[in-house]
Structure formats: structure tokens, C-alpha cells
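Asker: I need the structure of the sequence given here:
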Amino acid sequence: MTLTNEQIDGMALWEREDFTDPTMQLLARTLVADAARELRLRRGSDVRSMPRAHRVGYTVIEVLSFLKGLPYDEVARGYIYALRPSVVRVSVGLNTCDAVTWRVTVMMKDDKIDLIEQEVEVELVLFEHGHALRTELNRRLSPLKDQ
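Answerer: Below you'll find the predicted structure:
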């Protein structure tokens, strides 16, 4: 049986992958179907917590974009606190490439917030690492940017 994007809410990445091993094909289908099934929320009060991922990786996501252009003060710190960061790094220049999960980095420019990013753990259903997941996201977003 071939799963379509509609059947699993757009998560059927295995259809584009070149899985020649039948075992890998079955594993990919199972993981994607399980993930989609767990993520669907029913109407009403039947809300389930997010299941623990089979495999995880790491990437960086932009957060709190509405704070861009504002000073780094008690308002910004209040919203950053809501992200439950492991540590907050405020930077005006180059950053080191050390990975600290859940760390929030606030990039400053002319004493104003230029960018806020958080290092996060992500589920890897069919991706080797977080960068591959980011690459797929950028590929999907590129047609939207052209509109």
C-alpha cells in the first residue's frame, strides 16, 4: 500500500526517497504512519501529549520574531523566559559552533534585537540529522517566498 501526503498530513517523505531495501521501505512507512497517527488531534477535549520520538536530532529555529527591533529589556526577557531556555546568550557578533540544547541566542544590532533563535531537539522520522530536516523545510518554503 502506498501512503499519500493527504493520508498522513503531508508527512510522506519516503515517497521521494530512494529506498531500494524493502525492509527500509516498510520501516519508513511504519514510522511515518505512526507519527501522523499520533499527531492528529481529535475535536473536543481528547488531546493527547506528544509521543516520545523514535530518533532525534538538533537544529536551530527562529523564535519570538515580534521582538525584532525592540531593546533587550525586561519585556524581551519575559518572553524569552517563556521558551524555558537552558541558557540565554546575548551576542553582537560571531558565535561559537558549540551546541547547547534549548539555549536561546539573542542577536543584537544597534542596541536592538535583530534575531532570536533557539537550539532545539527535533524528531527525525526519515532524516539523518537536523540539518537535513532544515533543508527540507527550506525546499518547501521556497515556492511560498516566490509568491
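Asker: contacts for stretch 63-82, please.
Answerer: 83, 88, 90, 104, 106, 108, 111-118 (C-beta atoms under 8 Å, 6 or more residues apart in numbering). The C-beta positions use only the backbone N, C-alpha and C, and glycine is treated the same way.
Asker: save those residues as a markdown table, and put in pLDDT and secondary structure too.
Answerer: Converted to a markdown table, the contacts of stretch 63-82 look like this (pLDDT from 0 to 100; DSSP: H, G, I helix; E, B strand; the rest coil):
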| residue | pLDDT | secondary structure |
| --- | --- | --- |
| Leu83 | 96 | coil |
| Val88 | 94 | strand |
| Val90 | 93 | strand |
| Val104 | 94 | strand |
| Val106 | 95 | strand |
| Met108 | 95 | strand |
| Asp111 | 93 | coil |
| Lys112 | 96 | strand |
| Ile113 | 97 | strand |
| Asp114 | 96 | strand |
| Leu115 | 95 | strand |
| Ile116 | 97 | strand |
| Glu117 | 95 | strand |
| Gln118 | 95 | strand |
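Asker: of those, which is the most crowded?
Answerer: Per-residue neighbour counts (other C-beta atoms under 10 Å) across the contacts of stretch 63-82 peak at Ile116, which has 24 neighbours.
Asker: now that one: how far from Glu136?
Answerer: Here the criterion is C-beta to C-beta, to the nearest Å. By it, Ile116 lies 23 Å from Glu136.
Asker: cool, and Glu128?
Answerer: 11 Å.
Asker: neighbour count for these two, which is higher?
Answerer: Glu136 (14 against 10).
Asker: any stretches of this protein with poor pLDDT?
Answerer: 1-50, 147 (pLDDT under 70).
Asker: swap in 80 and give it another go.
Answerer: 1-54, 94-98, 145-147 (pLDDT under 80).
Asker: just the strands in this protein please.
Answerer: Using DSSP state E, the strands of the chain run over 56-62, 88-91, 104-109, 112-123.
Asker: the second one - contacts with which helices or strands?
Answerer: In terms of contacts (3 or more C-beta pairs under 8 Å, 6 or more residues apart in numbering; DSSP states H and E), strand 88-91 is packed against strand 104-109.
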